[in-house]
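Colleague: After the sequence you'll find the predicted model.
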Amino acid sequence: MRTMSASAIDWSQLRKELQPDGALRDIYVHDTNEQHWERFLTALPKSKYQWRLRHGERSFADPLKQFHEASKLRESDPVQLHIELSSKLILACHFFTPQEIELDVLPNDLQSDDAIGLLIEFMEWLEGTVKLAVVLTHENRPEDVILRIENAGTSHAAEVP
């Protein structure tokens, strides 16, 4: 992997990794705990991002504040948090485990420089919020990193294969 400024990343560098292939791409924050989740869930409603929270078929108007709230709800139905980066770019968070924040995105939605820029901007926001590295990977392959955002608050470091 090589490291470069996130603002210098060109869509053509990521083209191969983001080509639609029937699989999602995952965004991970590893080694999280309840405090990281709380920072994320508390900051989201104050951010510029639109969001929708669903429990089964039911929508929630109020955000969750902690992972364990979602965990309890998951006992009866799936819980999904959709985060809208634009009308055409929506991330989904499923609350799988407190040790990891995982969101997914459709590669079809990442086929322009603008869309990739919005995704990088969100990853930088998330990294700045939880204070841990944020990685974009192939679906269910957290070790297969496409893009890594670390220290976004200072250096905007990003790694690309």
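Modeller: Okay, I see it. Source: prediction; values computed, not measured.
Colleague: got the contact list for stretch 35-48?
Modeller: Residues outside stretch 35-48 that contact it (CB atoms under 8 Å, 6 or more residues apart in numbering): 29, 51, 63-67, 81, 83, 98, 101, 125-126, 129-132. Any C-beta I mention is one placed from the backbone N, CA and C, and that applies to glycine too.
Colleague: Please indicate which of those residues are buried?
Modeller: Using 16 or more other CB atoms under 10 Å as the burial test, the contacts of stretch 35-48 include 29, 51, 64, 67, 81, 83, 98, 101, 125-126, 129-130, 132 as buried.
Colleague: Just the ones of the contacts of stretch 35-48 in helices?
Modeller: Among those, DSSP state H puts 67, 125-126, 129-130 in helices.
Colleague: among the buried ones among the contacts of stretch 35-48, which one has the lowest pLDDT?
Modeller: Ranked by pLDDT, those bottom out at L64, which has 88.
Colleague: what's around the closest residue to E150 other than its chain neighbours, how many residues?
Modeller: Setting aside the residues directly before and after it, E150 is nearest to A133 in space (CB to CB, 6 or more residues apart in numbering), at 4.2 Å. Per other CB atoms under 10 Å, the neighbour tally for A133 reads 20.
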